[in-house]
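Engineer: using only what follows, build the 3D model:
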Amino acid sequence: MTESCTMVVGWHVTSRAIRTGLVRTGTEVVNWDVCRLMRCCHCVINRNKFMDKWVVCILLAVCLSGCRQANVNKQIKQGTDSLQNETVASHPVDSLAYAYLESGRIMYENGDKLGAIAEYNKAIEIDSNYAVAYYKRGKVSSDLKDYKGAIADYTKAIKINPEYANAYYNRGWNKSNIGDNTDAIDDYTKAININPKDAESYHNRGWNKSKIGDKKGAIKDYTEAIRINPKYADAYYNRGWNKSKIGDKKGAIKDYTEAIRINPKYANAYYNRGNTKSDIGDNTGAINDYNKVIELNPQHIDTYINLGVAQYETRDYEGEIATYRLAIKNCSPDADLYNNLGRALYDLKRFKEAAEAYGEGIKAFPSDGKLYYGRGLARNQSGDKNGACEDWHRSSELGCLQANALLPLCGEK
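Structural biologist: Next up, the predicted model:
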């Protein structure tokens with residue numbers, strides 16, 4: 001019987017998540033009572049005590065005329081993105097446009113993304129050159145998977161402020177999402193030119209270079225990201241993935257190991273290190289890594305399949321069978337799991353159990369020709385020739401060419 005096992009080479013981490021870019025002007029507070037009112041606005045919204053809470057919010061924001069504008073000195077980002085110094089066109093905090101901007105920010109933080117867009121629209125209607133408003137609206141559009149709309153907003157922000165590094169970064173991220181990897185690389189390059197110490201821009205540019213086949217260029221960018229941030233686990237991981245692709249298996253294993261040292265729960269790094277160890281014949285090492293993946297992520301089907309293959313290579317046949325049974329218990333139904341379990345039992349001449357395993361697979365996947373083919377082999381070895389022929393006929397109907405070669409055993413030419 002010809003075994004067909006899925007050996008998943010692995011994947012690399014997608015580019016870092018888009019920067020939220022909640023850029024706010026720094027303020028010098030000269031009227032504490034008014035500024036406390038703004039903080040009360042947050043309380044009103046969070047506690048939901050007023051029906052027209054957004055109107056209240058805007059009115060309170062307008063009251064910020066008691067706060068004077070100072071130099072832009074800080075930007076606030078959600079998630080794990082690193083802070084990046086840049087110059088962003090500010091706006092007077094006592095303006096109505098800024099009030100709408102703040103209202104939109106608060107709506108966004110409270111989960112009302114469409115409401116946030118409406119507020120940013122109003123800010124832009126008042127001031128069509130408000131770069132930060134375009135930037136924030138682009139962020140919300142990206143969250144809503146309107147990547148082209150986000151790109152248009154980031155482009156407008158960049159036109160207003162050509163030094164807006166985060167706008168280039170986020171535009172590149174959105175271009176990558178629509179498959180425009182070459183233009184994404186250009187945007188990350190511009191972001192790097194503005195801020196050469198931005199490790200994430202190097203990382204994402206490397207990811208896009210890898211997507212277009214420039215593995216060596218990707219490795220170079222990941223290396224630079226690591227130089228800037230030596231604890232950048234994803235950069236080590238993705239550099240390892242690309243090294244593996246160009247044949248540097250030992251270098252790949254070293255990078256995966258470093259990613260794991262930084263993040264001991266990095267399941268993908270264990271998985272790909274296991275795959276790479278398997279590639280160089282270290283099946284024992286691969287088994288150890290696959291077991292760690294299952295410990296961290298018990299629902300990852302490909303790990304069970306690859307673990308079973310490694311156990312087969314080390315002649316741990318009972319272990320292989322146990323692996324497939326555990327996968328069937330823990331994971332979503334998968335035809336390859338049933339096929340591999342049936343094949344493993346067949347190899348041990350446990351033909352009745354093999355037929356039963358294939359049968360369970362057929363219940364879940366009645367249109368999978370390989371399962372009928374395998375059950376036919378097991379039935380034939382068990383002395384059930386009629387059942388075997390029925391299965392081979394069905395397998396042939398479903399397009400399994402291997403079954404055609406067995407039909408003469410059923411008295412057919």
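Engineer: gap between stretch 230-247 and the chain center?
Structural biologist: 16 Å (Cα atoms, centre = their mean, to the nearest Å).
Engineer: show me the contacts for residue 349.
Structural biologist: By Cβ atoms under 8 Å, 6 or more residues apart in numbering, the residues touching residue 349 are residue 381. (Each C-beta comes from the backbone N, C-alpha and C, glycine too.)
Engineer: that one: what secondary structure?
Structural biologist: Following DSSP: H, G, I helix; E, B strand; the rest coil, residue 349 is assigned to coil.
Engineer: please tell me how far it sits from residue 182.
Structural biologist: Applying Cβ to Cβ, to the nearest Å, the value for residue 349 to residue 182 is 56 Å.
Engineer: check residue 284 too.
Structural biologist: Going from residue 284 to residue 182 by Cβ to Cβ gives 43 Å.
Engineer: repeat that for residue 117.
Structural biologist: Between residue 117 and residue 182 the computed distance is 29 Å (Cβ to Cβ).
Engineer: mind giving me the domain split of this protein?
Structural biologist: For the chain, the structural domains run 94-192, 197-263, going by the TED database.
Engineer: turn the ones you listed into TSV, including mean neighbour count, distance to residue 334 and mean pLDDT.
Structural biologist: As requested, the domains of the chain are arranged in TSV below (neighbours: other Cβ atoms under 10 Å; distance: least, Cβ to Cβ, whole Å; pLDDT from 0 to 100):
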stretch	mean neighbour count	distance to residue 334	mean pLDDT
domain 94-192	21	28	95
domain 197-263	21	24	98
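Engineer: so can I have JSON lines of these showing distance to residue 322?
Structural biologist: Output for the domains of the chain, formatted as JSON lines (distance: least, Cβ to Cβ, whole Å):
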{"stretch": "domain 94-192", "distance to residue 322": "41"}
{"stretch": "domain 197-263", "distance to residue 322": "26"}
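Engineer: of those, give the one that comes closest to residue 366.
Structural biologist: Distance to residue 366, taken as Cβ to Cβ, is lowest for domain 94-192 among those, at 34.9 Å.
Engineer: enumerate every residue touching residue 354.
Structural biologist: Residue 354 makes contacts with 342-343, 345-346, 374-375, 377-378, as judged by Cβ under 8 Å, 6+ apart.
Engineer: just residue 154 next, same as before
Structural biologist: Applying Cβ under 8 Å, 6+ apart to residue 154 gives the contacts 134-135, 138, 167-168, 170-171, 174.
Engineer: most neighbours among the contacts of residue 354, please name it.
Structural biologist: residue 374 (33 neighbours; other Cβ atoms under 10 Å).
Engineer: what are the contacting residues of stretch 312-321?
Structural biologist: Residues outside stretch 312-321 that contact it (Cβ under 8 Å, 6+ apart) are 278, 283-284, 287, 308-309, 311, 340-341, 344-345, 347-348.
Engineer: mind redoing it with 7 Å?
Structural biologist: Stretch 312-321 is contacted from outside by 283-284, 308, 311, 341, 344-345, 347-348, using Cβ atoms under 7 Å, 6 or more residues apart in numbering.
Engineer: coming back round to it: just put the contacts of residue 154 in CSV and tack on secondary structure and distance to residue 296.
Structural biologist: Putting these into CSV (DSSP: H, G, I helix; E, B strand; the rest coil; distance: Cβ to Cβ, whole Å) gives the following:
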residue, secondary structure, distance to residue 296
134, helix, 41
135, helix, 37
138, helix, 35
167, helix, 36
168, helix, 35
170, helix, 31
171, helix, 34
174, helix, 31
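Engineer: quick one, helices of the stretch 51-200 of the chain?
Structural biologist: For the stretch 51-200 of the chain, helices defined by DSSP state H, counting those that start in this stretch occupy the ranges 53-62, 96-109, 113-126, 131-143, 147-160, 165-177, 181-194, 199-211.
Engineer: my read is that residue 237 contacts residue 270, right?
Structural biologist: No: contact criterion Cβ atoms under 7 Å: residue 237 and residue 270 do not qualify, at 10.5 Å.
Engineer: give me the common contacts of the two.
Structural biologist: Between them, residue 237 and residue 270 share no contacting residue under Cβ under 7 Å, 6+ apart.
Engineer: chain center to stretch 111-129, what's the gap?
Structural biologist: Its chain's C-alpha centre and that of stretch 111-129 lie 29 Å apart, by Cα atoms, centre = their mean.
Engineer: what does stretch 176-191 give?
Structural biologist: What separates the centre of stretch 176-191 from the centre of its chain is 17 Å, taken as Cα atoms, centre = their mean.
Engineer: any chance you could list what contacts it?
Structural biologist: The contact list for stretch 176-191 (Cβ under 7 Å, 6+ apart) reads 15, 147-148, 165, 168-169, 171-172, 175, 198, 201, 204-205, 208-209, 211-212.
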